[in-house]
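**Student:** coords below, sequence missing:
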């Protein structure tokens, strides 16, 4: 499944109303660790069609970053049934990220 760009305008429909688990990557283009995390997140999206994967650019979507208390990036949030069920900060292996969604 393709990684989608999440914004304040589509967050409710794509994440909170999703019938699939959703992984949300909060990132910024200037963030080195975010660039290292990006291929891992893209790989999860490609290898796990049962999971929806989206990215939030914190520079463009400050409202969403503030809503979820994002203080450090990359921050990965896991949602199931529209509810936040897990969160991690920093570069993580795919296995640790997938464990958030279980």
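**Tutor:** Structure received. Please read all numbers here as calculations on a predicted model, not as lab measurements. Residues are numbered from 1 along each chain as shown.
**Student:** Same question for residue 77, what's its three-state structure.
**Tutor:** strand (DSSP: H, G, I helix; E, B strand; the rest coil).
**Student:** what's across from it in the sheet?
**Tutor:** Residues in a beta bridge with residue 77, per DSSP bridges, are residue 24, residue 87.
**Student:** doesn't residue 21 make contact with it?
**Tutor:** No. Distance between residue 77 and residue 21: 11.2 Å, which falls outside the contact criterion (C-beta atoms under 8 Å). Backbone N, C-alpha and C define where each C-beta goes, glycine included.
**Student:** Spit out the contact partners of the nearest residue to residue 4 once chain neighbours are set aside.
**Tutor:** Spatial nearest neighbour of residue 4, chain neighbours left out: residue 54 (4.6 Å); criterion: C-beta to C-beta, 6 or more residues apart in numbering. Contacts of residue 54 were listed using C-beta atoms under 8 Å, 6 or more residues apart in numbering, and they are 3, 4, 5, 6, 14, 15, 22, 23, 24, 25.
**Student:** Narrow those residues to those that are buried.
**Tutor:** Taking 16 or more other C-beta atoms under 10 Å as the criterion, what is buried in the contacts of residue 54 is 3, 4, 6, 14, 15, 22, 23, 24, 25.
**Student:** and of those residues, the nearest to residue 85?
**Tutor:** If you rank the buried ones among the contacts of residue 54 by distance to residue 85 using C-beta to C-beta, residue 22 comes first, at 9.8 Å.
**Student:** The closest one: what's it in contact with?
**Tutor:** The contact partners of residue 22, taken as C-beta under 8 Å, 6+ apart, are 14, 15, 51, 52, 53, 54, 78, 79, 80.
**Student:** okay if I get those residues as CSV plus secondary structure and pLDDT?
**Tutor:** As requested, the contacts of residue 22 are exported to CSV (DSSP: H, G, I helix; E, B strand; the rest coil; pLDDT from 0 to 100):
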residue, secondary structure, pLDDT
14, helix, 97
15, helix, 97
51, coil, 96
52, strand, 97
53, strand, 97
54, strand, 97
78, strand, 97
79, strand, 97
80, strand, 95
